[in-house]
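[1] Could you look at this predicted model? Sequence included:
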Amino acid sequence: MTRPGILLIWLLAFGALLAPARAVAGGALPNSTEAIRQKLATPLPDTTRLRLLNAMCYALHNEQPARALPYGEAALALARTLPADEQGPGLLRSLLYLASCYGNLSNGPEALQLLNEAQTLALKLKNVDGLVRAYTSQGSIYHERRDSTSAWRHYRRALRLMNQPGVTPTARMKLLGNVGGLFFFRQQLPQALHYDSLALALARRQSDSTAEANYLSSLANYQMQAGNLGRVKRLLTQALAISRRQRAVRSQARQLIMFAMYYIQTDEPARADAATREALKLARQSDYLECVLDAYSILSAEAAERENYRQAYEWNQRYVELNDTLNNRQTMQTLAAAQVSSEAQERARRLRLLTQQRDEQAWHSRVLVGAVAVLTLALLVAAYFYRNLRRSRSELAANNRALEKVSVELRSVASFKDKLYAIVAHDLRGPVTAFAGVTSLIDSYIAQNDQDGLARLPALVRQAADSLNHLLDNVLNWAVSQTGELECRPAPVLVSELFAECQALYQTTAAASWQHITMAAPDGLKLMADRNMARTILRNLVGNALKFMPAGGHVHLEAAPDPDDPQMVLISCTDTGPGMSAATVASLMSGPALPEPTPTPKPRATGLGLGLALCRAFVHRHGGTLVIQSRPGAGTNVTVSLPVAK
């Protein structure tokens, strides 16, 4: 094979061996994408799913970028839905990894758009490592477009930040390797060898075999360009062995193309043909079209060298068709980039126009400020005096309202005290009158020597004393309940015990007036109530019934579970007294907590008064209800509900 033919083949293959694929090299990849895929098939928290999607995208983005793309898109979409405090680092990684996928698929405009967003986010988060990665990836995209000036501008920004704290060895290694590729593209071999050697040393320190293979391939390429063929084979052999262990199909395809060029240089056409065909097979398997194009070029040139022109023509036809496809794709990408650039220029023009308009408006505003300043000062002075006047009026009105409120409260307290005094005085009249009547009866019975009458006097005295004691208990309980110091301590209480205590308390009083008390309660029925409050409720119900009931009357106390509410017990007190009108019942049920004293139907009755008010208060403290049913001449039924003990 002639030397010009060899140089032509090498130049055709050289374009595919520059830095585009190397721009994403570096970083420890997961050993098994299948394990990640299985985890993704299970329910996971959003943050864990995002981490696994990013890991899957990064694991595939170099060798299988088309398969990595859906994972990267899903990771980016999920990262954008996370809350702001959880979004930052995950979103930054998603942008960088997805941009690498688009870069490997030669979709430069989409990759640059993602990288610009990643750069802005890294600056906001003060993430130096992310910023270095963004600059490096941007430089690689421009390098792929053969825009070495823009590529070097971005690489230089990354080099300034490379040694700052927080920058990972992987990011430094990737940057150094890309800078070496740029210098090689510029035919500055000493600088290219320097940066690639630094990157190779970092890869070996990090035990990153994939990156090590890539940088060994780059060094072999540089040595081939320099004509040091003795070192080329050793470097390529090491790189290919690593790529095969890693099952990195694209890397193997690139390295086999380089082996083919090495064998062409050393005039070993059989080996060159074998290496090229193996590279073609691997490139087709990984959809690495640039490497397929290089393989077609080498096979065409080799066939022509062997004077097999038909086969050379067939390989060349395949080369032309594939090259047209790649050129069309590159043209579309270039048009898209031009459109993006045009839109950016239009936005910049609009921004300049808006800035100019803003400056003009600011000048007009400064002119108006001077004219308005005096008027504003006058208005401020007037507003100051007006505000003080309104504040004085508001304070005066507030003071008047406070005085009126205090006055109403004082009147309410005074009225309440007067009402309490009236009820106490009204209810005291009965026991005091009874004591006075007993003294008169003593004189009368002594004068008449009526021994039976004298025998009945102790019961009458005891009845008056019990009434007085009951009234004093009610007054004391009412006062304590109104101050909030009467604590309700519910506990299981047998209803039959409460009934027995109440019957024992009022049996003598009832017998003195030939009245009867009967009680009925199921065995074992218990209340969840405060014992003292429950006693007070029953005493007042029975006591009020006895007060209003004529001689010979009957009081019946009964307890049973509430059929409508299994959580409550109904206790009813029914008497054969004179009853009450509907208006009186409504007044007692809906009136104030302390009712007005009402005239009694007979001299010895002392009114419902404080006792009923106390019953209502204690029943409500237990979450129960009190209901009165009565008609004139038909007696009265008072029913209370209290919680049942389970």
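    Thanks, I have the structure now.
[2] Can you report phi and psi for the most centrally placed residue in the chain?
    Among the residues of the chain, the one closest to the centroid is residue 83, at 8.3 Å (CA atoms, centre = their mean). Reported as degrees, to the nearest 10, the phi and psi values for residue 83 are phi -60, psi 160.
[3] any idea how far residue 74 is from residue 103?
    19 Å (CB to CB, to the nearest Å). (C-beta placed from N, C-alpha, C; glycine too.)
[4] Out of the two, name the residue with the larger neighbour count.
    Applying other CB atoms under 10 Å to residue 103 and residue 74 shows that residue 103 carries more neighbours, namely 26 against 19.
[5] May I see the buried residues of the helix or strand harbouring residue 100?
    Secondary structure assignment for residue 100, by DSSP states H and E: helix 84-104. Neighbour-count burial for helix 84-104, with 16 or more other CB atoms under 10 Å as criterion, is recorded at 87-88, 90-104.
[6] what's the answer for stretch 156-171, then?
    157-159, 161-162, 167-168, 170-171.
[7] Can you flag which of the residues you listed belong to helices?
    Counting by DSSP state H, the part of the buried residues of stretch 156-171 found in helices is 157-159, 161, 170-171.
[8] related to what we said a few turns ago, what's near enough to touch the residue nearest to the centre of the chain?
    Residue 83 makes no contacts at all, as judged by CB atoms under 8 Å, 6 or more residues apart in numbering.
[9] roughly how far apart are residue 405 and residue 391?
    In terms of CB to CB, residue 405 sits 21 Å off from residue 391.
[10] go on, residue 176?
    72 Å.
[11] These two: who's more crowded?
    residue 176 (27 against 10).
[12] my guess is that one contacts residue 199, does it?
    Yes. Here residue 176 reaches residue 199: they are 3.9 Å apart, a contact under CB atoms under 8 Å.
[13] What's the first helix or strand after the lowest-mean-pLDDT helix or strand in the chain?
    In the chain, the helix or strand scored least confidently by mean pLDDT, DSSP states H and E is helix 3-14, which has a mean of 40. Note on helix 3-14: by DSSP H and E, the next helix or strand toward the C-terminus is helix 33-40.
[14] How far does that following helix sit from its chain's centre?
    28 Å (CA atoms, centre = their mean, to the nearest Å).
[15] What residues of it count as buried?
    33, 36, 40.
[16] likewise stretch 565-572?
    Within stretch 565-572, the residues scored as buried using 16+ other CB under 10 Å are 568-572.
[17] swap in stretch 290-308?
    Applying 16+ other CB under 10 Å to stretch 290-308 flags 290-305 as buried.
[18] related to what we said a few turns ago, which one of the buried residues of stretch 156-171 is nearest residue 263?
    residue 170 (33.8 Å; CB to CB).
[19] What number of residues are in the vicinity of residue 312?
    Neighbours of residue 312 (other CB under 10 Å): 18.
[20] thinking it is in contact with residue 298, fair?
    No. Using CB under 8 Å, residue 312 is not in contact with residue 298; the gap is 11.2 Å.
[21] Show me where this protein has its strands.
    Under the criterion DSSP state E, strands of the chain are mapped to 491-494, 516-520, 526-529, 554-561, 568-575, 626-630, 636-643.
[22] Residue 537 is nearest to which of those?
    Checked against CB to CB, the stretch from the strands of the chain lying closest is strand 636-643, at 6.3 Å.
[23] Keeping just the C-alphas, turn that closest one into PDB.
    Taking C-alpha atoms only, strand 636-643 is exported to PDB below (Å, rounded to 0.1, in the frame of the first residue of the first chain):
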ATOM      1  CA  THR A 636     -94.000  16.800  86.900                       C
ATOM      2  CA  ASN A 637     -91.300  14.500  85.300                       C
ATOM      3  CA  VAL A 638     -87.700  15.600  85.300                       C
ATOM      4  CA  THR A 639     -85.300  13.400  83.300                       C
ATOM      5  CA  VAL A 640     -81.500  13.700  83.300                       C
ATOM      6  CA  SER A 641     -79.000  11.800  81.200                       C
ATOM      7  CA  LEU A 642     -75.500  10.900  82.600                       C
ATOM      8  CA  PRO A 643     -72.700   8.800  81.100                       C
END
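[24] mean confidence for that strand?
    Strand 636-643 carries an average pLDDT of 92.
[25] Begin at 50, not 1, for the rest of this chat.
    Got it, the first residue is 50 from now on, which makes the last one we talked about strand 685-692.
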